[in-house]
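> Sequence first, then the predicted structure:
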Amino acid sequence: MPVQKRVNVVTIGAGWAAGIFAQKLTEAGYNVVSIEQGPARWASPDFEHNHDPLRYHVRHAMMVNLANETWTWRPNPKAPTLPMRQYGSFNPGKGIGGAGIHWAAQTWRFLPFDFRYRSHHIERYGEGKLPEGSLVQDWPLSYEELELSYDAFEYDIGLSGQAGNLNGTLIEGGNIFEGPRSRPFPLPPLAMSIHGEMYRQACQSLGYHPFPQPAGITSQAYTDRFGNTRSGCLYCGFCTRYGCEVDAKASAVTTHIPAALRTGKYEIRPNSKVTRINVGKDGLATGITYIDAAGQEQEQPADVVILSAFTLENVRLLLLSKSDSHPNGVGNDKNMVGQRYTYQLSQSPVSGVFEGRRFNQYMGNSSTIYVIYDFYGDNFDHSDQNFIGGARMMAGSGERDPVTSVGGMPIGVTSNSPGSNNPSERSRNWGQGWKDDLRKNWDGVVALTFEGDILPYTDQFLDLDPIYKDKFGLPLLRLTFDFHDNERNLYKFIAARSKEIVQKMGPTRLNSTDELGPYNIHEYQSTHCTGGAIMGDNPDNSVTNKYGQVWDTPNVFVTGAALFPQNPGANPTGTIGALSYYAGDALAKYYFQEPNRLMA
């Protein structure tokens, strides 16, 4: 097997986390190589003619090819598994920039109590409030420790939004529930949609606190600290599942990767698939093995290995990397890899049909909306509720998913009852009556959506499938996951609040689904998979420390949402970015002074 020249750091993947680590480490003088399974592509030059919903939205041109690699799923440990053969539950990206190229750009900070999830709930309600079989635990770091990393990431990418808590001072019009931020947003919020404004008025009339969605999309021209200049948003509507034609949407390709490449110490090898982390007799990683674009197996020696691929691939590689030193895989000496897998509860329980109205939902994106946090997490009293956790709630988006018909992308406008999960409503998608209704109301339907907490449980986890393999003959990753009573009860509560808000908006008719059905991997909900290689304060309850440094293999680092002990109700990207800043700074400043030791 050919052996490449040794480098200081090799990253698996070349997306958000890899780009951040590459920028910080090359700036500090270290050599970095990223092995990326997808193609080389760059920002706006490659996306100037991207208005092709069939290619990008329906056929998933930027996603992993499921014919080569996929995942298997079962609802519980006693059920049989089957592979996901066509896209449904999540959309992992491929290519330089990763999923950051085609993300929706909703960018959040987790709240202070999200980092003290177990302690907070026990202190307020007692340990008996925790659902039976749940495995919730505190993070090994606090919001306060991470705040400066959040701030740095937000300014480097040009985040648009309205502060609601500036150094402890609450500001009306922003998210008054958020943790204190040290600076305002670098840019003002994006323009809001017509239906978003209706949602804001309805929420205010009910005593709630709407605020504009924070967005990793520039609301006006912006030059970052690396010297990259980007245009403001055009509100073209081709955002989620598309690359941005004017670089308004932030990604590693618009920010960190160009800065790293300019140092001359960074290299990206596209169309190359990592198959294992190599480990020496001392139990430390020696580098990685990958298959290059020509199908040739290669070895890349490195002092440090960083797993910066999609959550599920990070976990799979840890499990695949078995050796005499780590017979169950890297990080898995105490059988913690794969534990505490969760998938964000993302649903549209209610939609309103506004006869004859036009909302221009084909414009804008999922960040040109208002949101409320009044029922997020523990922002409301759960004493009399039969669940813990909550959700952020919002009014639809400017993009329509072709399966659920939420939003307004023209190719996906196929239902007179968008957002409804009711089979009797879906069955109306035919006939003259449906056609007449579609002509009249195709742009007059608003769905309320929410994304809520998901807790980890003893019976949901990730492991290697004993039957199904990828094109290289390696076991696929098996997902064991379903919703539990806590999530069902949370859904019922949020659905009722959503219905109250839609009714205030004054629709002609209203469609609702009051109960949460079973989880199904074949239905898209979000790409927010978390857990499987969680961080913690000791090796008995986690795979890594607070820097993502693997306890049993300290020259291996894990990035991304695999680190999350449980899944809060906010999208993960902002926290993934902050954790990458936090760990990248520590790695650049401290690790190489005493290599192969755990950082305190």
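Looks like it came in fine.
> what about the nearest residue to Y547 once chain neighbours are set aside, which SS state?
Nearest non-adjacent residue to Y547, counting by Cβ to Cβ, 6 or more residues apart in numbering: A583, 4.4 Å away. C-beta here means a position set from N, CA and C on the backbone, and glycine is covered the same way. Recorded secondary structure, A583: helix (DSSP: H, G, I helix; E, B strand; the rest coil).
> repeat for M198
Under three-state DSSP, M198 falls in the helix class.
> Can you read off the pLDDT for it?
Listed pLDDT for M198 reads 95.
> residue contacts, the closest residue to it other than its chain neighbours?
Leaving aside its sequence neighbours, M198 sits nearest to M505 (Cβ to Cβ, 6+ apart; 5.1 Å). For M505, the contact set (Cβ atoms under 8 Å, 6 or more residues apart in numbering) comprises 198-199, 202, 352, 354, 446.
> Go again with 7 Å.
Shown in contact with M505 (Cβ atoms under 7 Å, 6 or more residues apart in numbering): 198-199, 202, 352.
> Also L477?
Going by Cβ under 7 Å, 6+ apart, L477 touches 71, 312, 315-316, 462, 464-465.
> Could you find the closest non-adjacent residue to Y290?
V274 (4.5 Å).
> Next: A570.
W108 (3.7 Å).
> would you say the one you found is within a helix?
No: counting by three-state DSSP, W108 is located in no helix; its state is coil.
> Wait, it touches N571, no?
Yes: W108 lies in contact with N571 (Cβ atoms under 7 Å); the separation is 5.3 Å.
> Quick check: neighbours shared by these two?
With contacts taken as Cβ under 7 Å, 6+ apart, W108 and N571 have no neighbour in common.
> Which SSE is immediately downstream of the longest helix seen in the chain?
In the chain, ranked by residue count with DSSP state H as the criterion, the top helix is helix 485-505. Toward the C-terminal end, the helix or strand that comes next after helix 485-505 (DSSP states H and E) is strand 509-512.
> Could you list the buried residues of that next one?
For strand 509-512, a neighbour-count test (16 or more other Cβ atoms under 10 Å) marks 511-512 as buried.
> and if you look at stretch 158-167?
Applying a neighbour-count criterion of 16+ other Cβ under 10 Å, one finds 158-166 buried in stretch 158-167.
> go on, stretch 103-119?
By neighbour count with 16+ other Cβ under 10 Å, stretch 103-119 contains the buried residues 103-118.
> next one: stretch 218-226
Buried, per 16+ other Cβ under 10 Å, within stretch 218-226: 218-219, 222, 224, 226.
> In terms of pLDDT, where does the residue nearest to Y547 sit?
98.
> Based on its surroundings, how many neighbours for it?
When neighbours are counted by other Cβ atoms under 10 Å, A583 registers 29.
> Would you mind listing the residues in contact with it?
With Cβ under 7 Å, 6+ apart, A583 has these contacts: 547-548, 557.
> Among these, name the ones in helices.
Using DSSP H, no member of these falls in helices.
> Tell me the one of those nearest G433?
Using Cβ to Cβ, G548 comes nearest to G433 of the contacts of A583, at 55.1 Å.
> Helices of the stretch 351-500 of the chain, residue ranges please.
Residue ranges of the helices in the stretch 351-500 of the chain, as given by DSSP state H, counting those that start in this stretch, are 423-426, 431-441, 485-505.
> among the ones you listed, which is nearest V253?
helix 485-505 (35.3 Å).
> Check the helices of the stretch 351-500 of the chain for me and report the most buried one.
With neighbours taken as mean count of other Cβ atoms under 10 Å, the helices of the stretch 351-500 of the chain reach their highest mean count in helix 485-505, at a mean of 20.
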